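Q: kindly generate the corresponding structure for this input.
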Amino acid sequence: MRYFEFFIVGVVIALSENLLAIWLATDAEITLRVIFIATIAGIPFAYFSEMVVDKPGFWKKAFKVSFYEDLIDFVS
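A: Predicted coordinates for the structure are as follows:
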C-alpha cells in the first residue's frame, strides 16, 4: 500500500510540474489531451522516484556497489 501511495503522489507531482512547464513555456491550451500526455510522461519518473524513496537498497541492487564505498574511494 505504501508503494502505491508514493506512486500516486509522484504522478500528481509530475503532472503538476509538467502542466506548469507547459503553461509557462508555451501558449498551448491545457486540454484533456495535454493532461493525458503530461501524465503519461510523468509515470516513469514517478516510478523511479518511488523506487529511490521506498526501497533503500535500490542503489546497491541497481549498481551492485555502495555509493558510500565509492565516495570513500574517490576521496582517498
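
Q: use CA for all of it now, contacts and neighbours both
A: Will do.

Q: now the helices for this protein?
A: According to DSSP state H, the chain carries its helices in the segments 2-25, 32-54, 58-63, 67-75.

Q: quick one, what contacts Ile30?
A: Contacts for Ile30 (C-alpha atoms under 8 Å, 6 or more residues apart in numbering) come out as Leu19, Trp23.

Q: what's the closest non-adjacent residue to Leu19?
A: What sits nearest to Leu19 in space, not counting adjacent residues and going by C-alpha to C-alpha, 6 or more residues apart in numbering, is Ala38, at 6.8 Å.

Q: surely that neighbour is in contact with Asn18?
A: Yes - counting by C-alpha atoms under 8 Å, Asn18 is a contact partner of Ala38 at 5.8 Å.

Q: pull up the overlap in contacts between these two.
A: Common contacts of Ala38 and Asn18 (C-alpha under 8 Å, 6+ apart): none found.

Q: next, give phi and psi for Glu29.
A: Backbone torsions of Glu29, given as degrees, to the nearest 10, read phi -80, psi 140.

Q: what's the neighbour count on it?
A: Neighbourhood size, Glu29 [other C-alpha atoms under 10 Å]: 10.

Q: if you tally nearby residues, what's the number for Arg2?
A: 9.

Q: what's the closest residue to Ala14 other than its chain neighbours in contact with, if anything?
A: Sequence neighbours aside, Gly42 is the residue nearest to Ala14 in space, at 5.0 Å (criterion: C-alpha to C-alpha, 6+ apart). Going by C-alpha under 8 Å, 6+ apart, Gly42 touches Val11, Ala14, Leu15, Asn18.
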